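[1] no sequence on this one, just coordinates:
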């Protein structure tokens, strides 16, 4: 998909700025000298007796593509919902452009959310609406655009995700990957500053996953938006991320550009990257003499 020269130049400038401002340490959530758009400080969240987030610190740079990885149930979706104010922390703060979300009234928070576009798992489309109606939904609710203007914007968004000519189809007529892309188009409709992607490739085959990743990259280049993606798909994470952060034990325990993240020595990171069980991980850290003696590994 062609990207206009000015947008491409802006994307290149952002990439250079990010390269200069990246933290050096694997767990460096603080980035010196950078334009921070989202700042998460000491965020904790529990549901009953289950402590999901336990003092999360994270900073998201303006215009970057940040990917947060972690195992199932690690709190990735919970963290994402805090960024848009769908959940309030038990402790800590979330700020966007210096504004604490906890200081906003219900009405102010509703207005604030219009700065975000969120793509939910599996698209979350309205089954009773056509593709075009799904994409137009936020435009009809949040703008004063006329019918022809809405139609034009819907076509623009569908073109951006390579789904030209499908606006009359129903979601049931689409493949899983196409439904995800319609979800992207709907998230883009009101031209948000920040895009949130919740497990965009879950359940998709490798080829479709690669297509989805390419679309996310094209969206990022074309819109100059900030994006936060949560996933447990490492191939996808490394393709689309400027930085990768790992959520483990309720905290961000590692944060680095993809090329550096792969080589981090943190055993929690390497266990996740290699897909090892606790027993396999313990065994890999024992010497040959211990294995020959048949000793039982100590679970971490």
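    Structure received. Source: prediction; values computed, not measured.

[2] residues in contact with the residue nearest the centre of the chain?
    By C-alpha atoms, centre = their mean, the mean C-alpha position of the chain lies nearest to residue 229, the distance being 1.0 Å. Going by C-beta atoms under 8 Å, 6 or more residues apart in numbering, residue 229 touches 65-68, 196-197, 200, 216, 237, 240-241. For glycine as for every other residue, the C-beta is placed from the backbone atoms N, C-alpha and C.

[3] try it again at 10 Å.
    Counting by C-beta atoms under 10 Å, 6 or more residues apart in numbering, residue 229 makes contact with 65-69, 76, 80, 119, 195-201, 213, 216, 220, 236-237, 240-241, 244.

[4] starting at the chain centroid, how far to the helix or strand that contains it?
    Under the criterion of DSSP states H and E, residue 229 resides in strand 226-231. Strand 226-231 sits 1 Å away from the centroid of its parent chain (C-alpha atoms, centre = their mean, to the nearest Å).

[5] equivalent analysis for stretch 276-285, please.
    29 Å.

[6] buried set for it?
    Using 16 or more other C-beta atoms under 10 Å as the test for burial, stretch 276-285 gives 281-282.

[7] so residue 87: helix, strand or coil?
    coil (DSSP: H, G, I helix; E, B strand; the rest coil).

[8] now it: phi and psi?
    The phi/psi pair for residue 87 (degrees, to the nearest 10) reads phi -130, psi 150.

[9] ok, it - contacts?
    By C-beta under 10 Å, 6+ apart, the neighbours of residue 87 are 43, 45, 47, 52-53, 77-81, 94.

[10] one step back: show me how to select, in PyMOL, the buried members of the contacts of residue 229.
    Selection command for PyMOL covering only the buried members of these, criterion 16+ other C-beta under 10 Å:
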select buried, resi 65+66+67+68+69+76+80+119+195+196+197+198+199+200+201+213+216+220+236+237+240+241+244
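
[11] just the ones of the contacts of residue 229 in helices?
    76, 80, 213, 216, 220, 236-237, 240 (DSSP state H).

[12] for those, which two are the farthest from each other?
    Pairwise distances across the ones in helices among the contacts of residue 229 (C-beta to C-beta) peak at 19.4 Å, for the pair 76 and 220.

[13] quick revisit: which one of the ones in helices among the contacts of residue 229 is nearest to residue 108?
    The closest of the ones in helices among the contacts of residue 229, once distances to residue 108 are taken by C-beta to C-beta, is residue 80, at 20.5 Å.

[14] per-residue pLDDT, the residue nearest to the centre of the chain?
    pLDDT recorded at residue 229 is 96.

[15] also residue 204?
    At residue 204, the model reports a pLDDT of 88.

[16] are we agreed that it is in a strand?
    No: counting by three-state DSSP, residue 204 is located in no strand; its state is coil.

[17] what about it, neighbour count?
    Neighbour count of residue 204, defined by other C-beta atoms under 10 Å: 19.

[18] that one touches residue 121, doesn't it?
    No: counting by C-beta atoms under 10 Å, residue 121 is not a contact partner of residue 204; they are 11.3 Å apart.

[19] residues shared between the contacts of those two?
    residue 180.

[20] so how far is the helix or strand residue 55 falls within from its chain's centroid?
    Under the criterion of DSSP H and E, residue 55 resides in strand 50-61. Distance of strand 50-61 from its chain centroid, counting by C-alpha atoms, centre = their mean, is 14 Å.

[21] name the residues of that strand that are buried.
    Across strand 50-61, burial judged by 16+ other C-beta under 10 Å covers 52-54, 56-61.

[22] and stretch 203-218, by the same measure?
    Of all the residues in stretch 203-218, those buried under the rule 16+ other C-beta under 10 Å are 204, 208-209, 211-213, 215-216, 218.

[23] thank you, goodbye.
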